[in-house]
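can you look at this prediction? I've put the sequence above it.
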Amino acid sequence: MKNSEIHLRFAFPDEIQDKQILSRYLELMNDEEKERYNRFRFAKDRHSFLVSRALVRTSLSCFHDIPPRDWQFSRNSYGKPEIISGSSGPRLRFNLSHTQGLIICALMLQQDIGADVENTERKMGGEDIAKRFFSAEEAALLRSLPENQRRDFFFRFWTLKEAYVKARGRGLSLPLDSFSFHIGSRTEIRICFSPQADDSPGDWHFRLFRPTSRHCAALAFRQEKGRDYSIIVKKTVPLLEEKEFTVSSSMSLT
């Protein structure tokens, strides 16, 4: 992996049902992951968790000569997972997100990175949530839009906010109304901060994607000034196959 590359791996858990493959995924997990797996009450949640752990471990092994089973993880004080690494080389960073029907893993070297994906068909009180968690500017824009555009708007901004918070690794100690997003042309997404946010807009790059007609995904990563980044997207069945995957990134409000 190059410093200028961001890799996105998409997995569709509903398409991964082969019992032999799922048994191999179980063998990849450590004891703590197996305990978490067994605590899920519903089979669909256990299945999603199983595929997500396999996705993370196999994705990391694409870029380091470490078997998927051997990766070890820790969490910071806010719960963000990181790799425990004894290597002196560039640090591999990752972030995971899942929703009904889709799991994504984002990876890059060195820089903070966050990803979020949402199923836009899920029931969410968009305007009520916006009043509580969006900035005043974002909430006002939501109210100003025609009613048939509000749901789409809500998920674009919600995934962007979640991706940024996950990249910062501070959980909800970072208020969601302390920063605002502005979506312009096809790929132009800007962030503005309130004084208490303690961050610089120029340090960040954002992208929005449409992996499927019912999913919205966002990516946030800390960028080096003057460096051009390429985003490489693949659809994967962990341990079995991966292939190039084309996603729409035309997310303007017009």
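Okay, I see it.

only C-alpha atoms from now on, for both contacts and neighbour counts.
Noted.

show me the shaky parts of this protein.
86-90, 125, 185-187, 249-254 (pLDDT under 70).

quick one: the strands in it?
5-11, 73-75, 81-83, 92-99, 102-109, 113-119, 179-183, 189-193, 204-212, 215-222, 230-237, 241-244 (DSSP state E).

for Leu141, find the nearest of those.
strand 179-183 (10.1 Å; C-alpha to C-alpha).

and that closest one, what other elements does it pack with?
helix 136-144, strand 189-193 (3 or more C-alpha pairs under 8 Å, 6 or more residues apart in numbering; DSSP states H and E).

can you do 10 Å?
If you count contacts as 3 or more C-alpha pairs under 10 Å, 6 or more residues apart in numbering; DSSP states H and E, strand 179-183 packs onto helix 136-144, helix 147-168, strand 189-193.

give me whichever of the ones you listed is most buried.
When these are scored by mean count of other C-alpha atoms under 10 Å, the highest mean neighbour count falls to helix 147-168 (a mean of 21).

report the angle between the axes of it and helix 136-144?
Here the directions of helix 147-168 and helix 136-144 differ by 160 degrees (axes from the mean of the first three to the mean of the last three C-alpha atoms, to 10 degrees).

angle of helix 147-168 against strand 92-99?
Using the same axes, to 10 degrees: helix 147-168 against strand 92-99 is 150 degrees.

helix 147-168: how far from the chain's middle?
12 Å (C-alpha atoms, centre = their mean, to the nearest Å).

what does stretch 177-196 give?
On C-alpha atoms, centre = their mean, the centre of stretch 177-196 falls 18 Å from the chain's centre.

how about residues contacting that stretch?
130-139, 156-158, 160-161, 164, 174-175, 197-209, 249-254 (C-alpha atoms under 10 Å, 6 or more residues apart in numbering).

buried ones among those?
Buried members of these, scored by 16 or more other C-alpha atoms under 10 Å, are 130-131, 133-136, 138-139, 156-158, 160-161, 164, 174-175, 204-209, 249, 251-252.

any chance of the helices and strands packed on strand 179-183 in CSV, with distance to Ser230 too?
Supplementary listing: the helices and strands packed on strand 179-183 in CSV, determined by distance: least, C-alpha to C-alpha, whole Å:
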stretch, distance to Ser230
helix 136-144, 29
helix 147-168, 18
strand 189-193, 16
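
closest to Leu240 out of the ones you listed?
Nearest to Leu240 among the helices and strands packed on strand 179-183 is helix 147-168 (28.1 Å), distances taken as C-alpha to C-alpha.

can you show me the CA trace of the closest one as PDB?
Presented in PDB, the C-alpha positions along helix 147-168 are these (Å, rounded to 0.1, in the frame of the first residue of the first chain):
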ATOM      1  CA  GLU A 147     -39.900  17.000   1.700                       C
ATOM      2  CA  ASN A 148     -39.000  14.300  -0.900                       C
ATOM      3  CA  GLN A 149     -35.300  15.300  -0.600                       C
ATOM      4  CA  ARG A 150     -35.000  15.500   3.200                       C
ATOM      5  CA  ARG A 151     -34.400  11.800   3.800                       C
ATOM      6  CA  ASP A 152     -31.600  11.600   1.300                       C
ATOM      7  CA  PHE A 153     -30.100  14.800   2.700                       C
ATOM      8  CA  PHE A 154     -30.200  13.500   6.200                       C
ATOM      9  CA  PHE A 155     -28.300  10.300   5.500                       C
ATOM     10  CA  ARG A 156     -25.600  12.100   3.600                       C
ATOM     11  CA  PHE A 157     -24.900  14.400   6.500                       C
ATOM     12  CA  TRP A 158     -25.400  11.700   9.100                       C
ATOM     13  CA  THR A 159     -22.800   9.400   7.500                       C
ATOM     14  CA  LEU A 160     -20.300  12.200   7.100                       C
ATOM     15  CA  LYS A 161     -20.600  13.200  10.700                       C
ATOM     16  CA  GLU A 162     -20.200   9.600  11.900                       C
ATOM     17  CA  ALA A 163     -17.200   9.100   9.700                       C
ATOM     18  CA  TYR A 164     -15.500  12.200  11.000                       C
ATOM     19  CA  VAL A 165     -16.200  11.400  14.600                       C
ATOM     20  CA  LYS A 166     -14.900   7.900  14.100                       C
ATOM     21  CA  ALA A 167     -11.700   9.200  12.400                       C
ATOM     22  CA  ARG A 168     -11.100  11.500  15.400                       C
END
